[in-house]
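Q: here's a sequence, model it:
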Amino acid sequence: MNVRKPASARTLKSDLARVDRHAMKASEYDELPELTDAMLAGGVVKRGGRPVAANPRKQVTIRLPATVLAAWKATGPGWQTRMAELLSKRVA
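A: Below you'll find the model as predicted:
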């Protein structure tokens, strides 16, 4: 079911205030390794988000009588999913 949940605060579990206060000194740049082509070639880009669905949903606009819509909404959270399941059974 798609129940709305309050958004939780995301934290990096890092002391960002301390990091922000730190000012880099010229001597600290000497400690950094030189960036090489091998380092860049070894980089991996990871895409976030949900995995691609096998049967993705499409957004549509449909006009329904107010009474029908009210009856579906009265069944509680997840009514759109239940409506989609009922329509899928009817097509199959």
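Q: contacts and neighbour counts: CA atoms only from here.
A: Will do.
Q: the residue of the chain most remote from its centre is in what secondary structure piece?
A: Computed with Cα atoms, centre = their mean, the residue of the chain farthest from its C-alpha average is residue 27, at 40.5 Å. Secondary structure from DSSP states H and E places residue 27 in helix 26-29.
Q: any idea of the mean pLDDT in that helix?
A: The average pLDDT within helix 26-29 is 87.
Q: in it, what's buried?
A: For helix 26-29, the neighbour count (16 or more other Cα atoms under 10 Å) marks no residue as buried.
Q: can you name the next helix or strand after it?
A: Once the chain leaves helix 26-29, the next helix or strand it forms, by DSSP H and E, is helix 37-41.
Q: residue 86: neighbouring residues, count only.
A: By other Cα atoms under 10 Å, the residues close to residue 86 number 11.
Q: cool, and residue 81?
A: If you count neighbours by other Cα under 10 Å, residue 81 ends up with 12.
Q: tell me the secondary structure for it?
A: helix (DSSP: H, G, I helix; E, B strand; the rest coil).
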